[in-house]
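In: using only what follows, build the 3D model:
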Amino acid sequence: MSAPARTFTVRHLQLLRALFAAASALMITFSPDHSAAIGFSVFGGFVAASGFILIVGAWVVASAGTRWPFILLAVIDLAAAIVSGIPTWRTEAAFFVVVIIWAAASGLVELIAGLRARRTDPAARDAVTIGALGLLLAVVLLLIPANYALQYSVEGAGELTLTGIILAVGMFGGYCAIVAVFLAIAGFSPRRPVPVSTEAADVAGAPARTDSTSSDSTPTGGAA
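Out: The predicted structure is shown next:
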């Protein structure tokens, strides 16, 4: 006999994460200012929202014993949000340091969570992909010199300068756009039936235990 389905499932968690990632990508895309201050403002809002969503997911979606990825990722996100909110730390160099550390730490946690459950839950690939994207963002930002500056001219606009911080903020915006699309697709995609004993894969995508019908009908869920 299966337990009643929860009103807040992993699908909702994925779609909420996708929503905030999309909002961050749009703010960066349509902002003419890609300074460290703007980058920190968007990044801080993104990680703060993500952290609170993951806290909710830890207690509403995950089952006991499978909450560690939710909680650890929430701690990383909220710590990054706090640092981003300190006005005196909103420098170009600090943006590189904070985002690189956040991307590497959160990406590693999510990647490990997905890999641990890849043999028991097909949705583990969601966490593996999001984790890999985080690590990729960290590597890309490491390759951008913080003091990079390229002078160029555009007809009708005059002399312009492409700096390292403009590239870094743009790369973060691109990361958010890719994550938003991926999580939205994952959230709307149908779930494959999995065995009753199957444990969930990840914070991005799969409940810890499911009944024999679908992962969204499970009363307990979480990440491995």
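
In: show the subsequent helix or strand relative to the lowest-mean-pLDDT helix or strand in the chain.
Out: Using mean pLDDT, DSSP states H and E, strand 149-154 stands out as the lowest-scoring helix or strand of the chain, at a mean of 76. Next helix or strand after strand 149-154 toward the C-terminus (DSSP states H and E): strand 158-163.

In: show me what that following strand is packed against.
Out: Here strand 158-163 touches strand 149-154, going by 3 or more CB pairs under 8 Å, 6 or more residues apart in numbering; DSSP states H and E. Yep, even glycine has a C-beta here, placed from its N, CA and C like the rest.

In: ok, Thr161 - contacts?
Out: Contacts for Thr161 (CB atoms under 8 Å, 6 or more residues apart in numbering) come out as 149-152.

In: other residues contacting stretch 92-111?
Out: Stretch 92-111 has contacts (CB under 8 Å, 6+ apart) with 36, 39-40, 43, 47, 69, 72-73, 76-77, 80, 83-84, 89, 127-128, 130-138, 141-142, 144, 146, 163-165, 168-169, 172, 175, 202-204.

In: now, of these, which are buried?
Out: Buried members of the contacts of stretch 92-111, counted by 16 or more other CB atoms under 10 Å: 36, 39-40, 43, 47, 69, 72-73, 76-77, 80, 83-84, 127-128, 130-131, 133-135, 137-138, 141, 144, 146, 163-165, 168-169, 172, 175, 202-204.

In: if you look at those residues, which of them are in strands?
Out: Counting by DSSP state E, the buried ones among the contacts of stretch 92-111 place Thr163 in strands.

In: taking the buried ones among the contacts of stretch 92-111 one by one, which sit in helices?
Out: 36, 39-40, 43, 47, 69, 72-73, 76-77, 80, 83-84, 127-128, 130-131, 133-135, 137-138, 141, 164-165, 168-169, 172, 175 (DSSP state H).

In: where are the low-confidence patches of the protein?
Out: Applying pLDDT under 70 to the chain picks out residues 1-6, 62-65, 120-123, 153-158, 191-224.

In: ignoring the adjacent residues along the chain, who's closest to Tyr152?
Out: Take Tyr152 and drop its neighbours on the chain: the residue closest to it by CB to CB, 6 or more residues apart in numbering is Leu160, 5.8 Å away.

In: number of nearby residues for that neighbour?
Out: Neighbours of Leu160 under the rule other CB atoms under 10 Å: 11.

In: ok, it touching Ala149?
Out: No. Between Leu160 and Ala149 there is no contact, the gap being 10.8 Å when judged by CB atoms under 8 Å.

In: between these two, what contacts are shared?
Out: By CB under 8 Å, 6+ apart, no residue touches both Leu160 and Ala149.

In: not counting sequence-adjacent ones, nearest residue to Leu142?
Out: Closest residue in space to Leu142, ignoring its immediate chain neighbours: Ile100 at 6.1 Å, by CB to CB, 6+ apart.

In: how near is the one you found to Phe172?
Out: 10 Å (CB to CB, to the nearest Å).

In: name the nearest residue to Ala149, ignoring sequence neighbours.
Out: Nearest to Ala149 is Thr163, by CB to CB, 6+ apart, at 5.2 Å.

In: measure the one you found to Pro145 for me?
Out: Distance, Thr163 to Pro145, using CB to CB: 10 Å.

In: then Ala113?
Out: Taking CB to CB, one finds Ala113 at 33 Å from Pro145.
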